[in-house]
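# Quick one: sequence and predicted model below, then my questions.
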Amino acid sequence: MKHKIYIVDDTPTNLQILADYLIERGYEVFVAVDGASAIEQITDSLPDLILLDVMMPGIDGFETCRRLKSMASTKDIPVIFMTALSETIDKVRGFAVGAVDYVTKPIQHEEVLVRITTHLSLRQLQQELEEKHSALQLAEAKYRGVFDNAVIGIFQTIPDGHYVTANTALAQMLGYDTPKAFIHSMNDRQHSLYLDASRRKQFQEILTKDHNIANFESEVLRKDGTKIWISESARTVFDHANVIWGFEGFVINITDRKQAEEQNARLQTHNQYLQQEIAIDHHDGEVMTKNEGFRKVLATLEQVAPTDATVLLQGETGTGKEVLARTIHNRSLRRHQPMVKVNCGAISAGLVESELFGHEKGAFTGATNKRIGRFELADGGTLFLDEVGELPLDTQVKLLRVLQEQDFERVGGSKVIHVNVRIVAATNRNLAEAIKSGTFRSDLYYRLNIFPLFVPALRERKEDIPILVAHFLVHFSQKLGKKLERFSDNSLEQLFAYAWPGNIRELMNVVERAAILATSPTLEIEETLELPMDVPAITSSSETLQDIERTHILKILESTSWTLEGPQGAATILGLNPSTLRFRMRRLGLKRPTPST
């Protein structure tokens, strides 16, 4: 079923272009050119979402929104303002009259589509939550009705537990046609009533000691073997000599109430889940965690994101540093400008400067055209320097100057280019150790380390594995066109038991392989999760990341007889450019052994 969108804008060109764009993406679109006609049309045919211009003749967007929100039939429809107004007070005014979001003119169609999708999903979750609340209220009403109108059984027993009297209601409650048949069965011990025999003893001990008991709940067996829940209330009966004669009381069948309570508990859990889903939508669904330590990292991130401070993200490979970098950008004042990524470790040493700063035509062999560098592309936005610890020393010098002055020249050029770029850098290396070994400049480190954030490894926040797995299942379900719901219990145990040296990236790969092989909504891990022979186990060793990297590269070099290039060469096996491998070998002090004579 297509979602219905109303666009209200007094500019025909804006209306037509945006309407055509949304129609092409499967939406049913209706348009209006002023507030009055929009209100009339919308109340006749309710849409799923409204895109509303602010500045219009007659009643403006603010008043149109206020009127829509005052009517019961339209008050819950999400309204997104389209405005050229950039003052904060105008945005506050929009939210005050009931809008859920706004987009700034000139309209970016991709941004509008994302916001429409987000708020339609949010509204659907809210509707589901309301339905669950209604079901919860009905269940509670049923519980109250069952409890208030329950059939009451009445009994009398002597101190040893033998029944003296019982009414028809009690007999029938426990599956007997008559009270006489019930009493005979109980007194002859033909029927073991309580599932837990100690409950009967406990019931009599309390009565003997306290002389009364109320709402003593037990699960019992009826004559036919079916189970029910009962609640007993009783008191001690004394004879004329004030000696205990026996006990009398009443029994209520509370099976329906117990079942209703169980259903209520399930509904409450489902409601909490839906509320969490709504909360995730409010946070753009970017970062999810239950780990207290990582929550502190995210709280700190929220504080630094709106500033222009340089942030250095440190953590092992695959821990999600790029996701955090994008979150910082999306929470910043630069979020409407691009975030440009540079993987410093994946670029050939001789081309790093060209990649960062661009080059002029003819600057070097092969430079047949002028190239715009990443700094220029990120002007006004954010530049994410991933694996910044892999930069060659000569490039580090030039990067330091750009960070200090915010200007540079393209390779082979003389024109000074000024940019306004925020830097977010990331590394899996111990930069302090790299400074000691002479492979990273201390002045660049201090320039990047203005606001450090340490990203924990997945093994340090394993409580997040179910959240990440659920996220990946949704992704691969859409990608593969399969219904993927969960992992089997055994597979989940494997996921929790594994050390995850490749962190979140490795977890995603495992989920993708399982999704590809899945033949049912419940996924199984067909492989054995264990560390490869050439990957050191994660232990409490004092080895640094650089030590581990050196050991790994050395093993590959030795296994290939120090052959760097070619299909069977070390660079191909390591997934590196040969020139990048040579640079890392120099940095790590790896040299081919001299043949013995």
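Ah, there it is. Numbers count the residues shown, from 1 in each chain.

# roughly how far is the lengthiest helix in the chain from the heart of the chain?
Criterion DSSP state H: the longest helix present in the chain is helix 109-148. Distance of helix 109-148 from the chain centroid (Cα atoms, centre = their mean, to the nearest Å) equals 19 Å.

# Now Gly569: closest residue in space, sequence neighbours ignored.
In this structure, Gly569 finds its nearest non-sequential neighbour in Thr563, 4.8 Å apart by Cβ to Cβ, 6 or more residues apart in numbering. Every C-beta, even on glycine, is put in place using the N, C-alpha and C of the backbone.

# Show me which residues of whichever helix or strand comes after the longest helix of the chain are buried.
Using DSSP states H and E, the helix or strand that follows helix 109-148 in sequence is strand 152-157. By 16 or more other Cβ atoms under 10 Å, the buried positions in strand 152-157 come out as Gly153, Phe155, Gln156, Thr157.

# What is the most widely separated pair among those?
Spanning the widest gap among the buried residues of strand 152-157 are Gly153 and Thr157, at 12.7 Å by Cβ to Cβ.

# Low-confidence regions, the stretch 301-450 of the chain specifically.
349 (pLDDT under 70).

# all strands of it, in order?
Here the stretch 301-450 of the chain has its strands, by DSSP state E, counting those that start in this stretch, at 311-314, 339-343, 358-359, 371-372, 382-386, 407-409, 416-418, 422-427.

# Now tell me what touches the last one from outside.
Counting by Cβ atoms under 8 Å, 6 or more residues apart in numbering, the neighbours of strand 422-427 from elsewhere in the structure are 308, 310-315, 321-322, 325, 328-329, 332, 334, 381-389, 403, 448.

# what do you get if the cut-off is 6 Å, keeping everything else the same?
For strand 422-427, contacts defined as Cβ atoms under 6 Å, 6 or more residues apart in numbering pick out 308, 310-314, 321, 325, 328, 382-386, 388-389, 448.

# Report the buried members of those.
310-314, 321, 325, 328, 382-386, 388-389, 448.

# Go through the residues you listed and name the one nearest Gly438.
Using Cβ to Cβ, those come closest to Gly438 at Gly389, 13.1 Å.

# List the contacts of that closest one.
Each residue near Gly389 by Cβ under 6 Å, 6+ apart is listed here: Thr427, Arg429, Leu431, Ala434.

# which residue sits closest to the first one, ignoring its sequence neighbours?
In other words, Thr427. Thr427's closest residue in space is Gly389 (Cβ to Cβ, 6+ apart), at 4.1 Å.

# In terms of helix, strand or coil, where does Asp76 fall?
For Asp76, the assignment made with DSSP: H, G, I helix; E, B strand; the rest coil gives coil.

# One more: Ile465?
helix.

# Phi and psi next, for the residue nearest to it when sequence neighbours are not counted.
If the residues on either side of it in the chain are set aside, Ile465 comes closest to Leu495, at 5.4 Å by Cβ to Cβ, 6+ apart. Main-chain torsions, Leu495, degrees, to the nearest 10: phi -60, psi -40.

# okay but Leu495 is in contact with Pro466, surely?
No. With contacts defined as Cβ atoms under 6 Å, Leu495 does not count as touching Pro466, sitting 8.6 Å away.

# of the two, who's got more company?
Shown here are Leu495 and Pro466; by other Cβ atoms under 10 Å, Leu495 has more neighbours (21 against 15).

# if I look at the more buried one, how far off is Leu221?
41 Å (Cβ to Cβ, to the nearest Å).

# same check, this time on Lys180
For Lys180 relative to Leu221 (Cβ to Cβ), the value is 20 Å.
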